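K.L.:
my questions are about this predicted structure, shown below with the sequence.
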Amino acid sequence: MSRIGKVPVQIPQGVQVTVKGQNVEIKGPKGVFSRDVHPELAVAVEADAVHLKPQVQNDSVKALWGLNRVLIRNMIVGVTAGYRKELEIVGVGYKAELKGKDLTLTIGFSEPIVYKAPEGIRLNVENQTKIIIEGIDKEKVGQTAAEIRCLRPPEPYKGKGIRYVGEHIRRKAGKTAGK
């Protein structure tokens with residue numbers, strides 16, 4: 001049995017969960033989110049909890065059981081509290097600004113880079129060096145943060161680039177002068 005999958009997911013106040021076949025739809029104060037559950041799993045809403053049960057007993061279904069339980073829990077957290085990632089820009093002349101929903105990054109290339117926010121993601125910029133990414137889908141928030149970071153990852157010599165807030169960059173020693 002899956003130790004994670006057999007634990008029911010508690011439904012907080014103000015959240016509605018509806019199951020239609022394999023589709024689970026969750027409505028909360030921050031929005032509506034739906035996802036399909038694997039066909040070899042049965043989903044049931046009982047009292048104030050969501051229960052998942054495997055219809056077939058094998059190793060791959062055990063892994064999917066735990067995975068789908070965590071995905072449903074992430075959906076509930078997303079529609080109640082939401083998810084947030086923060087990035088910081090380090091470097092002389094490096095900055096970010098928001099134009100409508102588009103993020104314009106000046107990060108050392110000959111022209112600024114324009115990043116269009118995906119559907120359901122909100123981007124904010126604080127003091128030109130801090131980017132805040134918010135949304136109800138944990139996967140989309142993390143993917144958006146990774147894509148923005150990938151535009152100019154931090155380099156190991158001076159640490160310039162885009163990094164997560166609190167991320168530690170291992171620094172390398174530069175060349176030393178000969179004789």
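P.N.:
In hand now; what should we look at? Because the structure is a prediction, the values reported are computed rather than measured. Residues are numbered from 1 along each chain as shown.
K.L.:
ok, the closest residue in space to Val45 that isn't next to it in sequence to Ile136 distance?
P.N.:
Nearest residue to Val45, sequence neighbours excluded (Cβ to Cβ, 6 or more residues apart in numbering): Val17, at 5.2 Å. Using the backbone N, CA and C atoms, a C-beta is placed for each residue, glycine as well. Distance, Val17 to Ile136, by Cβ to Cβ, to the nearest Å: 15 Å.
K.L.:
so for these two, which residue has more residues nearby?
P.N.:
Ile136 (24 against 20; other Cβ atoms under 10 Å).
K.L.:
where's the closest residue to the more buried one other than its chain neighbours, which helix or strand?
P.N.:
Computed as Cβ to Cβ, 6+ apart, the closest residue to Ile136 that is not its neighbour in sequence is Gly78, at 3.8 Å. Taking DSSP states H and E as the definition, one finds Gly78 inside helix 59-80.
K.L.:
list the helices and strands that helix packs on?
P.N.:
strand 9-10, strand 23-28, strand 31-36, strand 41-46, strand 49-54, helix 138-151 (3 or more Cβ pairs under 8 Å, 6 or more residues apart in numbering; DSSP states H and E).
K.L.:
how far off helix 138-151 does whichever helix or strand comes after that helix point, in degrees?
P.N.:
Once the chain leaves helix 59-80, the next helix or strand it forms, by DSSP H and E, is strand 83-90. Put simply, strand 83-90 runs at 10 degrees to helix 138-151, going by axes from the mean of the first three to the mean of the last three Cα atoms, to 10 degrees.
K.L.:
distance of Ile162 relative to Arg170?
P.N.:
Ile162 is 16 Å from Arg170, by Cβ to Cβ.
K.L.:
and these two? which has more neighbours close in?
P.N.:
Ile162 (24 against 7).
K.L.:
where does the residue nearest to Ile136 land on pLDDT?
P.N.:
pLDDT recorded at Gly78 is 95.
K.L.:
before we move on, what about Met1?
P.N.:
62.
K.L.:
same check on the one 5 residues further on?
P.N.:
The predicted local confidence for Lys6 comes out at a pLDDT of 87.
K.L.:
per-domain residue ranges of this protein.
P.N.:
9-80, 83-164 (automatic domain parsing).
K.L.:
using TSV, please lay out those together with distance to Thr176.
P.N.:
Below are the domains of the chain laid out as TSV (distance: least, Cβ to Cβ, whole Å):
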stretch	distance to Thr176
domain 9-80	49
domain 83-164	13
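K.L.:
nearest to Gly174, of the ones you listed?
P.N.:
domain 83-164 (5.7 Å; Cβ to Cβ).
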